Every structure is written in structure tokens, then in C-alpha cells.
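Asker: Here's a sequence, model it:
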Amino acid sequence: MSQRASALYPGLVAHRRTRPRAHALRYRIFMLLLDLDEGPALARGLRLFGFDAPGLTSFQTRDHGDGSDTPLKMQVERHLAEAGVEAGGAVRLLCMPRVLGGVFNPLSVYFCHRPDGALCAILYEVNNTFGDRHSYLIPVADDGPGGVVRQTADKVFFVSPFMDMDLTYAFKVRPPGPGGLAVSIDVADAGGPLLSASFVGQSRPLEDRHLLAAWLAHPWMTLGVMGAIHWEALKIWLKGERIRPRPQAPQNPVTLTPQARPLAA
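Answerer: Have a look, this model is predicted:
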């Protein structure tokens, strides 16, 4: 049997806001890297993981994409085709799994490959606490030094009530590998950097013993993430940061960045 591409990534999330009021946080979570072709077989081979079914930890298709039961790989491949990105290989999703039936993913990352295994695009799927979801699709031309991918996108989707809309995201990604992965986002406005956020994780085989260890370390991860988001928001508000009005979510569920060129009609 070939080795699974799916894996667990326990790691550290860090946020640092530099202005107008400094604020920082760090907390530990674990994330799932799921090869979307492996999901059903994984669930059959694991007792502590369910795919579109209940489990101590589980993955539900409807938690992502358009919220339907349409296979996620099919949804992603449709977006890639609309952007004119040559794909056809594995699609691997980095996200937090459901824990005891609950989940909230501020950011999920899809690594999209060509048949030869080369990374061809990354899709960043963002959820806000108001129940909205939006994605940024960015092609990958070439990896940078050390296999690091650098990409940019203009913000079009409301996330934090303490951040303006006229912002730019700079993504720096070390794709999943045996040693681990890293995803960082630097947020800037016309005046310069405002905030940096990152996740750095170490790879663990997706096995029951590692799922159990991850759950024992973070038994209430979903509640912890939601609690941390609101607790940190309260602290930022108490520091005097004003709340921005919430605009309507974009009509198109996926933004094709300037690096992505849609197919000609």
C-alpha cells in the first residue's frame, strides 16, 4: 500500500498586531492535512476519525466550499478550470477537523497539484464569525528558495470588525512535507504592516494513536478557538480600537487574484 499523504500537524498559531494598538497572542492547536482522494478510505481504517460521519475527530464536506455535499475536489477543480489553471493532480486541504462534532476554521488552505505532483495553485478559504465564507485562488508559478511560496491578494472579504477593508495580504507558505509546514500572512495598508499571523506545525502520521494524543492535548479545541477569538476581540476593544461596519460579502465565492487569469469566453 502506498504511503498516505494525509497527516496530522500539531503546532502553534501566533498573531501580532503592530498598530494602531499593539496586541499579540499565541496558542496551540492541531490541524489535519486531508488528501481529498483519501477521505473515505481513511475513515474505514481509523476508529477515531469519521469522514462525513460522526467521530471523536471528523471531517464534514459541508464545512467547506459551497456548504453542500458536492465532493470538495470537484468544487476546487471547477474553480481551477475557471481560472485557467492547469491542475488534475491531488488536492490536499489543511484545516482543523471537527472535535466532538464542533469546528470553526478561520482559514483553511487547499494545496492543488498537477498530475506530476508539482504544486500549481493554493486556494485560501476564509470563514468569519458571522457565518460568511470566501476564498482567494492564487496560481503557483515557481517555488522560491527552500520551496517557499510567496503570494499576494487584495482583501475583499470582511473578517475582523477591527480591521479596515482596504488592505493587502502577503502569504508565505512552506507546503506540507515530512518535517512540517508553515503558513504566514502579513496584512498591510498604505501606511505599512498592520498584523502578522502564522501557523507552524510538525507532521505526524494520521493514525489513531496520534489522533488520541492530539485530542487529549486539546479536548475542547473548537470551543477554545471560538473563545480565544472573542476574548482577544474584547481585549482589543478595551484598548480603544473602533469597530468597523460590516459590508456585504462578495457575490462571487472565490476571488481570482491578479496572478490568476480566467479562461477566455
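Asker: quick one: low-confidence ranges for the stretch 101-250 of the chain?
Answerer: Within the stretch 101-250 of the chain, the stretches with pLDDT under 70 are 143-146, 220-231, 233, 237.
Asker: Strands of that one, residue ranges please.
Answerer: 107-113, 119-127, 133-139, 149-154, 168-177, 180-189, 192-201, 204-205 (DSSP state E, counting those that start in this stretch).
Asker: centre of the chain versus the fifth one, how much separation?
Answerer: What that stands for is strand 168-177. 10 Å (C-alpha atoms, centre = their mean, to the nearest Å).
Asker: what does the fourth one give?
Answerer: Its chain's C-alpha centre lies 14 Å from the corresponding centre of strand 149-154 when counted by C-alpha atoms, centre = their mean.
Asker: That strand to strand 119-127, inter-axis angle?
Answerer: Interaxial angle of strand 149-154 relative to strand 119-127 (axes from the mean of the first three to the mean of the last three C-alpha atoms, to 10 degrees): 40 degrees.
Asker: neighbouring strands for strand 149-154, and are they parallel or not?
Answerer: Using DSSP bridges, strand 149-154 pairs in its sheet with strand 168-177 (antiparallel).
Asker: State the number of residues packed around residue 248.
Answerer: 7 (other C-beta atoms under 10 Å). The way it works is simple: take the backbone N, C-alpha and C, and place the C-beta from them, glycine included.
Asker: between the strands of the stretch 101-250 of the chain, which gets nearest to residue 219?
Answerer: strand 204-205 (17.3 Å; C-beta to C-beta).
Asker: which neighbours does that closest one have in its sheet, and in what orientation?
Answerer: Assessed with DSSP bridges, strand 204-205 is paired to strand 7-17 (antiparallel).
Asker: What backbone torsions are found at residue 61?
Answerer: phi -50, psi -40 (degrees, to the nearest 10).
Asker: Likewise for residue 82?
Answerer: As for residue 82, its main-chain torsions (degrees, to the nearest 10) stand at phi -60, psi -30.
Asker: hang on, the earlier thing: which of the strands of the stretch 101-250 of the chain sits closest to residue 28?
Answerer: Using C-beta to C-beta, the strands of the stretch 101-250 of the chain put strand 192-201 closest to residue 28, at 9.9 Å.
Asker: and the closest one, which strands flank it?
Answerer: strand 7-17 (antiparallel), strand 180-189 (antiparallel).
Asker: And the helices in the chain?
Answerer: 39-45, 72-82, 208-217, 221-238 (DSSP state H).
Asker: out of these, deepest packed?
Answerer: Highest mean neighbour count of the helices of the chain: helix 72-82, a mean of 19 (counted as mean count of other C-beta atoms under 10 Å).
Asker: Distance from that helix to the middle of the chain?
Answerer: 16 Å.
Asker: helices and strands around that helix, which ones?
Answerer: strand 91-95, strand 107-113, strand 119-127, strand 133-139, strand 254-256 (3 or more C-beta pairs under 8 Å, 6 or more residues apart in numbering; DSSP states H and E).
Asker: Dump the strands paired with strand 192-201 to a markdown table, plus mean neighbour count.
Answerer: As requested, those are exported to a markdown table (neighbours: other C-beta atoms under 10 Å):
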| stretch | mean neighbour count |
| --- | --- |
| strand 7-17 | 19 |
| strand 180-189 | 18 |
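Asker: Reformat the ones you listed as JSON lines; add distance to residue 78.
Answerer: Formatted as JSON lines, the strands paired with strand 192-201 follow (distance: least, C-beta to C-beta, whole Å):
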{"stretch": "strand 7-17", "distance to residue 78": "26"}
{"stretch": "strand 180-189", "distance to residue 78": "24"}
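Asker: Can you say which of the ones you listed is nearest to residue 211?
Answerer: Once those are compared by C-beta to C-beta, strand 7-17 is nearest, at 6.9 Å.
Asker: which other residues reach the closest one?
Answerer: Residues outside strand 7-17 that contact it (C-beta atoms under 8 Å, 6 or more residues apart in numbering): 23-33, 94, 176, 180-181, 194-206, 210-211, 214, 217, 232, 236.
Asker: follow-up on the earlier one: of the strands of the stretch 101-250 of the chain, give the one that comes closest to residue 241.
Answerer: Between those, strand 192-201 lies closest to residue 241; by C-beta to C-beta that is 11.5 Å.
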